[in-house]
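A.B. asks: Sharing a model that was predicted from the sequence below.
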Amino acid sequence: MGSRARIVVFAPSEAVAVDAARLAFDEMDRLNLVLSDYTPASEAMRLCAAPIGAPHRVSPDLFDVVLKSARVHEASGGAFDPTLGALTGLWRESFRSGRLPDPQRLTDARARAGFRLIDVDERLSTIELLAPGVRFDFGAIGKGYAADAALQVLSRHGLRRAMVDLGGDLALGDAPPGEAGWRIEATDDRGGARALQLSNVGVATSGDAYRSVTIDGVQYSHILDPRTGVGLRSSSAVTVIASNAWLADALASAASVLGPEGEGGLRSEWPGAEIVWHARRAG
Ligand code: AMP
Ligand code: MG
């Protein structure tokens, strides 16, 4: 998923730590091959290349991520949308070239994005693509999902005092010995920081502090507004603390699109999640 992964674990011996960490890294590699849109060989990308108009049975992980995504899609009024791959692919080119996407190609990519273009059958665990050229992009949920899975592997090996950091999305287990929690610093794009001490939660931060491109004086985020297909133009950073890393990851991305004024739907669907806004500058 184009990110670095880091594991911190407290174990009775180094050998135990290394063995369990290796299995946890393997789990993240496995999920990378399910979810990533950086590799054409991933299950998600193979599904997108499969014939349209027929339901395809997918792995439990891919199906689970699609269902979780659908829930966030719904609660966010469509602001969170993992079917934007055709658009995010176009914007990745713009990030490299420093030029805006060609308007015709943008129109074409918009027509190939949207949850209405996939059909999910919960009874049969199948997914059907209803139009050619639809592409998944699980970039806003997959890292959190994989971090959760890696933490579960460590826990199954008896290592509960553990932390998995996948590209800044954190899955936290029990606190380090003698501590109230893992000490986390959530930083915003102006050098501000908020100190947190947490355990058994997921934490994720989204915002264009991390990835954006400036074209003709306008700053565009790597997070797109699905209504326009264009990168967000306002600068924001939001940290979410939730029961799991997948949820924190997805909610942070969804909240980035909705802004502090619009994220109420997320709060009512997940009242236990904490959404913390950093500095925001109108664009
Ligand atoms: P994150 O860093 O978790 O906020 O995820 C951002 C990534 O998710 C982007 O780099 C895109 O690959 C993808 N993405 C962009 N816009 C959206 C959106 N509105 N909904 C879902 N995923 C998105
Ligand atoms: Mg996210």
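C.D. replies: Nice, thanks for sending it over. Numbering: from 1, shown residues only. Ligands and ions are numbered 1, 2, ... in the order given.
A.B. asks: CA atoms for contacts and neighbours, from now on please.
C.D. replies: Fine.
A.B. asks: Give me the average confidence score over stretch 251-262.
C.D. replies: Averaged across stretch 251-262, pLDDT comes to 95.
A.B. asks: can you list the residues that contact it?
C.D. replies: 72, 76, 79-80, 140, 204-207, 223-225, 232, 236-240, 263, 266, 275, 277 (Cα atoms under 8 Å, 6 or more residues apart in numbering).
A.B. asks: What residues of the longest helix along the chain count as buried?
C.D. replies: Using DSSP state H to define each element, the chain has its longest helix at helix 14-35. With burial defined by 16 or more other Cα atoms under 10 Å, the residues of helix 14-35 counted as buried are 16-17, 20-21, 24-25, 27-28, 31-35.
A.B. asks: Which strands or helices does it pack on?
C.D. replies: Here helix 14-35 touches strand 5-9, helix 43-49, helix 60-75, helix 142-156, going by 3 or more Cα pairs under 8 Å, 6 or more residues apart in numbering; DSSP states H and E.
A.B. asks: give me the element the closest residue to ligand 2 within the stretch 151-283 of the chain is part of.
C.D. replies: Using Cα to the ion, the closest approach of the stretch 151-283 of the chain to ligand 2 is made by residue 249 at 3.6 Å. Secondary structure assigned from DSSP states H and E places residue 249 in helix 245-262.
A.B. asks: correct me, but residue 243 touches residue 201?
C.D. replies: Yes: at 4.8 Å, residue 243 counts as touching residue 201 under the criterion of Cα atoms under 8 Å.
A.B. asks: Find me the pLDDT at residue 46, would you?
C.D. replies: Reported pLDDT for residue 46: 97.
A.B. asks: what's the answer for residue 79, then?
C.D. replies: Residue 79 is given a pLDDT of 97.
A.B. asks: Where does it sit: helix, strand or coil?
C.D. replies: coil (DSSP: H, G, I helix; E, B strand; the rest coil).
A.B. asks: Share the number of residues neighbouring it, please.
C.D. replies: Neighbour count for residue 79, taken as other Cα atoms under 10 Å: 22.
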